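[1] turn this into a model:
(one chain, ligands or ions: 3)
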Amino acid sequence: MGHSGNLQLKVVNGDAGYVLEDVPHLTDYIPDLPTYPNPLQFNAAYSVVKQYFVNVDDTVSQKIVVHKDSPRGTHFRRAGPRQKVYFVSDEVHACIVTCGGLCPGLNTVIREIVCGLYHMYGVSKILGIDGGYRGFYSKNTINLTPKVVNDIHKRGGTILGTSRGGHDTSKIVDSIQDRGINQVYIIGGDGTQKGAAVIYEEIRQRGLKVAVAGIPKTIDNDIPVHISGPAVIDKSFGFDTAVEEAQRAINAAHVEAESIENGIGVVKLMGRYCGFIAMYATLGSRDVDCCLIPESPFYLEGEGGLYEFIEKRLKENGHMVIVIAEGAGQDLLAESLQSMNQQDASGNKLLQDVGLWISHKIKDHFARLHKMAINLKYIDPTYMIRAIPSNASDNVYCTLLAQSAVHGAVAGYTGFTVGPVNGRHAYIPFNRINERQNQVVITDRMWARVLSSTNQPSFLSANELAKFKREKPSCPVVG
Ligand SMILES: Nc1ncnc2c1ncn2[C@@H]1O[C@H](COP(=O)(O)OP(=O)(O)O)[C@@H](O)[C@H]1O
Ligand SMILES: O=P(O)(O)OC[C@H]1O[C@](O)(COP(=O)(O)O)[C@@H](O)[C@@H]1O
Ligand SMILES: [Mg+2]
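    Ligands and ions are numbered 1, 2, ... in the order given. Prediction:
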């Protein structure tokens, strides 16, 4: 096996096209670090486990659909406890920070990092950083113990608070160094993981024995997760909870629309650059007549447009439900509202309210036509679907993510994000997570399922479809 790598990439090539995209280790830049036996083997609860530790050479394959002659492809290091650890319990001084928008399950991840460190590795010095990245240098910290975090998974939000912007790398690493912190757990989305990568690089340049572990949070699923399209991680925590909560809004829209003549229910769901929540909520509900997402351009007027489809559906069924992701149709809004290119503190595009806009457009259109009186109800549950506690299945998932992160940091790995790859938890280098944004691939079978279930137009001409097929190759893994 040959190594090739620099600060960002640590790639190992093996036989038959085997590639390991490895994560950094503290010993990459601090040689001769002492190791210690993993205390987990003396832990009464874990003594029932037949095999305490994962083999150091275990890796997880990114590709599971293969042909007879396919190369073995990309692999990631398997997550889990190692026989040797690089920290003794008393030495560990950990901190946890949450950044970016809210997502169901943040508190569960915090809880399980604290409990995992304490119960599995005997760690008691754990600091909560208040209010996101800027909290490292501008706020007081919170001492976290299993008692403090015992009930927090039942609450939405994050007990640590969160923020956008304020990522000042040297101030953050100064604070880590000054406080003697040697394990940093960073929970957040695409922006946060980019910030975590820069923190890791600075720590490495300063030669500090500090492990940096990222836990990916994204209600939008815009981190390369494997809900659809070529991706690394199977799914992000909180997504199931958000889709479930979105059902309540869709049900309400359906009840309202069904109860009145020519009723239209419009529901706006989150999804700044991608429409995964809208797509899954639509497929989950089966009451949705039209799902509009940022990845699939649509138009209003003329043949094959939205107005024509609404008229047709109302004539057929007497009512209809439209689900629209917040980032959909922003080009149309920009044309009609001459909106400015505004950004939030983290540099994310600030969106116009497409739900309100489209509701007005539809009302205006039918009022102008005089041929059909419609009754439109607009429901905007966007913040409600992310401010709730995670459901039971997301709680279990958050636990596995948190424990994987703890095992990895204690074993000396750093500069990594945790996540399941084809069902097995793995350590993924930051560069892999940060290289691009995940989006619904509208030439994949999942989007076809939506079109087939709603029977809505694709809004694409044959030429446009051919262009999309050329630009966005479909993912062979999605069944
Ligand atoms: N490219 C980047 N480099 C460093 N820090 C970043 C970068 N992008 C975002 N951040 C920081 O990450 C934090 C969260 O980012 P944001 O985009 O708001 O949320 P999310 O992580 O949920 O996508 C913010 O404090 C922001 O300053
Ligand atoms: O109003 P806020 O708090 O900036 O959040 C709005 C954005 O946050 C999200 O819920 C989540 O985005 P991030 O995961 O990137 O933080 C988006 O869906 C939405 O556009
Ligand atoms: Mg983001």
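[2] low-confidence ranges in this structure?
    Residues of the chain meeting the criterion pLDDT under 70: 1-8, 224-232, 337-340, 434-435, 469, 472-479.
[3] centre-most residue in it?
    Nearest to the geometric centre of the chain sits Thr218, at 2.7 Å (Cα atoms, centre = their mean).
[4] residue contacts, that one?
    By Cβ atoms under 8 Å, 6 or more residues apart in numbering, the contact list for Thr218 reads 103, 189-190, 225, 236, 239. (C-beta placed from N, C-alpha, C; glycine too.)
[5] secondary structure element for Thr158?
    Using DSSP states H and E, Thr158 sits in no helix or strand.
[6] one more: Phe76?
    In the assignment (DSSP H and E), Phe76 maps to strand 73-78.
[7] what strands line up against that strand, and which way round?
    When pairs are called by DSSP bridges, strand 73-78 turns out to pair with strand 18-22 (parallel), strand 59-61 (antiparallel), strand 424-429 (antiparallel).
[8] residues in contact with the longest one?
    Residues external to strand 424-429 that are found in contact with it (Cβ under 8 Å, 6+ apart): 8-10, 21-24, 59-60, 76-80, 232-233, 400-401, 404, 408, 413, 415-421.
[9] the residues you listed in strands, which ones?
    Mapping these onto strands (DSSP state E) picks out 10, 21-22, 59-60, 76-78, 416-421.
[10] if we only consider these, which is nearest to ligand 1?
    Each of these was scored against ligand 1 by Cβ to the nearest ligand atom, and Thr417 proved nearest at 11.8 Å.
[11] how about the closest one, nearest residue that isn't a chain neighbour?
    Spatial nearest neighbour of Thr417, excluding adjacent residues (Cβ to Cβ, 6 or more residues apart in numbering): Gly214 at 4.0 Å.
[12] what sits against that neighbour?
    By Cβ under 8 Å, 6+ apart, the residues touching Gly214 are 186-188, 192-193, 196, 405, 416-418, 430, 433.
[13] is it possible to mark the buried ones in these?
    If you count burial by 16 or more other Cβ atoms under 10 Å, the buried members of the contacts of Gly214 come out as 186-188, 192-193, 196, 405, 416-418, 430, 433.
[14] Lys377 sits in which helix or strand?
    Assigned by DSSP H and E, Lys377 belongs to strand 375-379.
[15] now Cys291
    strand 290-292.
[16] quick one: that strand to chain centroid distance?
    Between the centre of strand 290-292 and the centre of its chain there are 22 Å (Cα atoms, centre = their mean, to the nearest Å).
[17] quick one: residues in contact with it.
    With contacts defined as Cβ under 8 Å, 6+ apart, strand 290-292 is touched by 275, 278-279, 282, 298, 306, 309-310, 313, 320-325, 328-329, 358, 450, 454, 456.
[18] now with 7 Å, please.
    Outside strand 290-292, the residues within contact range by Cβ atoms under 7 Å, 6 or more residues apart in numbering are 278-279, 282, 298, 309, 322-325, 328-329, 450, 454, 456.
[19] what do you get for stretch 346-360?
    Against stretch 346-360 from outside (Cβ under 7 Å, 6+ apart): 164-165, 191, 266, 268, 272, 324, 326-330, 333, 337, 339, 342-344, 376, 378, 380.
[20] that stretch and ligand 1 in contact?
    Yes. Stretch 346-360 lies within reach of ligand 1 by Cβ under 6 Å from any ligand atom, at 346, 348.
[21] pull up the distance across that stretch, start to finish.
    Counting by Cα to Cα, to the nearest Å, you get 30 Å between the two ends of stretch 346-360.
[22] again, but for stretch 26-33
    Distance across stretch 26-33, first residue to last, is 8 Å (Cα to Cα).
[23] are any of the contacts of stretch 346-360 buried, and which?
    For those, a neighbour count by 16+ other Cβ under 10 Å gives the buried set as 164-165, 191, 266, 268, 272, 324, 326-330, 333, 376, 378, 380.
[24] keep only the residues you listed that also lie close to ligand 2.
    272, 326.
[25] which ones are touching the closest residue to ligand 3 within the stretch 151-300 of the chain?
    Closest approach between the stretch 151-300 of the chain and ligand 3, counting by Cβ to the ion: Gly189, at 3.8 Å. Shown in contact with Gly189 (Cβ under 7 Å, 6+ apart): 100, 217-218, 222-223.
[26] and the gap between it and Thr98?
    Per Cβ to Cβ, to the nearest Å, Gly189 is found 10 Å from Thr98.
[27] can you pull out the helices in the protein?
    Ranges of helices within the chain are 106-121, 135-138, 146-149, 169-179, 190-205, 239-258, 276-285, 306-317, 330-337, 354-369, 392-410, 430-434, 445-454, 462-471, based on DSSP state H.
[28] for the residue nearest to Thr417, list each beta-bridge partner.
    Bridge pairing for Gly214 (DSSP bridges) gives the partners Ile186, Thr417.
[29] sorry, back to before: check the ones in strands among the contacts of strand 424-429 and tell me the two furthest apart.
    The most widely separated members of these, counting by Cβ to Cβ, are Lys10 and Pro420 (20.9 Å).
[30] can you pull the residues of the stretch 251-400 of the chain lying near ligand 2?
    Counting by Cβ under 6 Å from any ligand atom, the stretch 251-400 of the chain sits next to ligand 2 at 270-272, 326, 344, 386.
[31] nearest to Tyr200 among the residues you listed?
    Nearest to Tyr200 among those is Asp344, at 24.2 Å by Cβ to Cβ.
[32] residues of the chain that sit close to ligand 1?
    Residues of the chain found near ligand 1 (Cβ under 6 Å from any ligand atom) are 99-101, 132-133, 163-167, 188-192, 194-195, 198, 346, 348.
[33] how many other residues sit next to Gly116?
    Using other Cβ atoms under 10 Å, Gly116 has 20 other residues around it.
[34] ok, now how distant is it from Leu127?
    16 Å.
[35] quick check, the residue in the stretch 51-200 of the chain closest to ligand 2?
    Ligand 2 sits closest to Gly101 of the stretch 51-200 of the chain, with a gap of 2.9 Å, by Cβ to the nearest ligand atom.
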